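# structural data only, the sequence is not supplied:
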């Protein structure tokens, strides 16, 4: 075997070919369409590899279908799938599932809480402030004063619990602030306001029960911002894997990635996103516990660079399936 695939040569997954595997996808989050693409790719891969597999759209009336499977392969993105909700249901049903557990999934999707944990563990992350509009109205004047003390401009406004860069906007001066906050608040009443750090966008996939880091990828969106369209439309973003950075920096970023994965209790698969500033300091932006598995997705791209085919990657993720509580 070449690359990292030798580390996974003793997987026991093929013993599961007599079990019924349900690929859970779709759902009701704002990332439904991407989840359906991810799920279909995984479903087709498992069928090709000889597994007894069914595809389950978690939009409505799914309980009987889910209850009929022996193992759940999760392909859900965003809320009601990546936030511990479905994981909790599967724990109650005693159905082993892929990926992270209830607590880890909930914590990771909460960007503000994740960043507080990063700070407590001395993991570099951009300075930030938080805005909670659940119980109070937006006071833009107070917010502007808070920003001067905490992040300054430019900054990035994000919904606290959304993925795929949904609702995210870069704010260059205070005249843009209110519109940016209101846009983010359409998706989540808790809003993360983070200092914008100019630098190179990097990401690291983590796979396997023993948490192995895949090669670092550099992301270069042609628009200058890795937004939803740049993520999921071919030829709008240039990817370099492995990233053209020195070996010491790459090893440091990969080590930080594995530490983040472990500190937040992730399992099976995750992806850690970074900004590398002009001083070669890597800042962790966030973790994704259920990265995409589409034709433009980053974890399959990194796995391929490490000598791991898409079908084998799916089997490696399947190998992580278990109850976590």
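Nice, I can see it. Everything numeric here is computed off the predicted structure, so don't read it as measured data.
# what's the domain layout of the protein?
Domains of the chain are assigned by automatic domain parsing as 3-98, 107-123+198-318, 128-195.
# closest one to residue 325 among the ones you listed?
Nearest to residue 325, of all these, is domain 3-98, at 5.0 Å by C-beta to C-beta. Every residue, glycine included, has its C-beta placed from N, CA and C.
# where in the stretch 101-250 of the chain is pLDDT low?
The model of the stretch 101-250 of the chain has pLDDT under 70 over residues 163-165, 223-235.
# what ranges does it have for its helices?
102-109, 111-120, 140-150, 177-185, 228-232, 247-263 (DSSP state H, counting those that start in this stretch).
# following the longest one, which helix or strand comes up?
Beyond helix 247-263 on the C-terminal side, the first helix or strand identified by DSSP states H and E is strand 268-276.
# okay, now the sheet partners of whatever helix or strand comes next after that next one, with direction.
The C-terminal neighbour of strand 268-276 among helices and strands, as given by DSSP H and E, is strand 282-288. Strand 282-288 pairs in its sheet with strand 268-276 (antiparallel), by DSSP bridges.
# what angle separates the partner strand from helix 247-263?
Angle, strand 268-276 to helix 247-263, by axes from the mean of the first three to the mean of the last three C-alpha atoms, to 10 degrees: 130 degrees.
# beta-bridge partners for the residue most central in space within the chain, please?
The chain has residue 288 as the residue nearest its centroid, 1.7 Å off, counting by C-alpha atoms, centre = their mean. The partner list for residue 288 in beta bridges (DSSP bridges) reads residue 271.
# check contacts around the nearest residue to residue 32 once chain neighbours are set aside.
Take residue 32 and drop its neighbours on the chain: the residue closest to it by C-beta to C-beta, 6 or more residues apart in numbering is residue 26, 5.6 Å away. Under the criterion of C-beta atoms under 8 Å, 6 or more residues apart in numbering, the neighbours of residue 26 are 32, 35-36, 39, 57-59, 76.
# do residue 85 as well
Residue 85 sits next to residue 79 when contact means C-beta under 8 Å, 6+ apart.
# before we move on, the earlier item: state the distance from the residue nearest to the centre of the chain to residue 157.
From residue 288 across to residue 157, the span is 19 Å (C-beta to C-beta, to the nearest Å).
# what does residue 317 give?
Taking C-beta to C-beta, one finds residue 317 at 32 Å from residue 157.
# residue 46 now?
Applying C-beta to C-beta to residue 46 and residue 157 gives a distance of 39 Å.
# ditto for residue 54
Applying C-beta to C-beta, the value for residue 54 to residue 157 is 40 Å.
# between those two, which is the more surrounded one?
Per other C-beta atoms under 10 Å, whichever of residue 54 and residue 157 has more neighbours is residue 157, with 24 against 16.
# excluding its backbone neighbours, what's nearest the more buried one?
Nearest non-adjacent residue to residue 157 (C-beta to C-beta, 6+ apart): residue 180, at 4.2 Å.
# residues touching that neighbour, list them.
Neighbour list for residue 180: 157, 169, 171 [criterion: C-beta under 8 Å, 6+ apart].
# the last one: neighbour count?
Translated: residue 171. Counted with other C-beta under 10 Å, residue 171 comes out at 21.
# if we look at the sheet, which residues does it bridge to?
So, taking DSSP bridges as the rule, residue 171 has residue 155 as bridge partners.
# surely it meets residue 153?
Yes. If you go by C-beta atoms under 8 Å, residue 171 and residue 153 touch, sitting 6.7 Å apart.
# intersection of neighbour lists for the two?
In contact with both residue 171 and residue 153: residue 196, using C-beta under 8 Å, 6+ apart.
# give the residue farthest from the middle of the chain.
residue 141 (33.5 Å).
# counting neighbours, what do you get for residue 118?
Neighbours of residue 118 (other C-beta under 10 Å): 23.
# my bad, residue 159
Counted with other C-beta under 10 Å, residue 159 comes out at 21.
# and for residue 316?
By the criterion of other C-beta under 10 Å, residue 316 has 24 neighbours.
# which residue is the nearest non-sequential neighbour of residue 90?
Nearest to residue 90 is residue 97, by C-beta to C-beta, 6+ apart, at 4.6 Å.
# repeat for residue 59
Once flanking residues are discounted, residue 59 sits nearest to residue 26: 5.3 Å by C-beta to C-beta, 6+ apart.
# hang on, the earlier thing: deepest in the core, which of the helices of the stretch 101-250 of the chain is it.
The highest mean neighbour count among the helices of the stretch 101-250 of the chain, using mean count of other C-beta atoms under 10 Å, belongs to helix 102-109: a mean of 22.
# contacts for that one?
Contacts of helix 102-109 (C-beta under 8 Å, 6+ apart): 78-79, 82-84, 87-88, 91, 99-100, 113-114, 117, 161, 163, 264-267, 270, 286-289, 324-325.
# mind giving me the ChimeraX command for buried ones among these?
With 16 or more other C-beta atoms under 10 Å as the criterion, this ChimeraX line picks the buried residues out of the contacts of helix 102-109:
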select :78,79,82,83,84,87,88,91,99,100,113,114,117,161,163,264,265,266,267,270,286,287,288,289,324
